[in-house]
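[1] Starting from these lines, generate the structure:
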Amino acid sequence: MLDREPAEEEFDSLFAAGLDDAAFGREHGFPVAEFDREAPTLADAIASAVRAIDSVGLVALRVLDQDLLTLADIADRIGQSRESVRRYATGDRGPGNFPPPVDPVREGTVFYRWSEVAPWLNRKLGLDVPETDFALVVANLVLQARQHRGRVAHMAALSDLLAA
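    Predicted coordinates for the structure are as follows:
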């Protein structure tokens, strides 16, 4: 997802910056770039695409994934009822220690990370569900941190946590 759609006159610069493998458009009303990039790893592909986007003055806001889900979404993915998944989450069913919600104090709909739930389902319940590539999770965290780094006093103290 991008901060804006590229202007018509920017497409030559995008191509010259190595974004010839990208298609630009809108998804659900938001500007996006889709890539078909060859790279040794997903992390390398994401990093090189973000650097190329940066070089032409666009800003990559996030990598689109389906990591944030409600209990109903999780139930749909694994073919179980919402009530059954709710009971896993509350510990009333299953082995316990279901991953915590992302927003536990929020009233109403709460969200869970598939990147945390899928390994739990695989390990604790023996369900064969696809896991998220953690490069997507980390890429989104890094892109989010980049957006806020100018607002944080002594950002280096927090950046050092990544290396710790």
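[2] could you pull out the strands for the protein?
    Counting by DSSP state E, the chain has strands at residues 22-27, 30-35, 68-69, 112-113.
[3] average model confidence for the third one?
    Strand 68-69 comes out with an average pLDDT of 94.
[4] Name the strands paired with that strand and say parallel or antiparallel.
    Strand pairing for strand 68-69, using DSSP bridges, gives strand 112-113 (antiparallel).
[5] Show me what the partner strand is in contact with.
    67-71, 74, 89, 99, 101-102, 137 (Cβ atoms under 8 Å, 6 or more residues apart in numbering). Placement of C-beta: from N, CA and C, glycine included.
[6] how about those in JSON lines, adding neighbour count and distance to Ala49?
    Putting the contacts of strand 112-113 into JSON lines (neighbours: other Cβ atoms under 10 Å; distance: Cβ to Cβ, whole Å) gives the following:
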{"residue": "Asp67", "neighbour count": "19", "distance to Ala49": "18"}
{"residue": "Leu68", "neighbour count": "14", "distance to Ala49": "22"}
{"residue": "Leu69", "neighbour count": "18", "distance to Ala49": "25"}
{"residue": "Thr70", "neighbour count": "15", "distance to Ala49": "29"}
{"residue": "Leu71", "neighbour count": "23", "distance to Ala49": "33"}
{"residue": "Ile74", "neighbour count": "23", "distance to Ala49": "29"}
{"residue": "Ala89", "neighbour count": "19", "distance to Ala49": "35"}
{"residue": "Pro99", "neighbour count": "17", "distance to Ala49": "29"}
{"residue": "Pro101", "neighbour count": "17", "distance to Ala49": "31"}
{"residue": "Val102", "neighbour count": "14", "distance to Ala49": "26"}
{"residue": "Val137", "neighbour count": "17", "distance to Ala49": "17"}
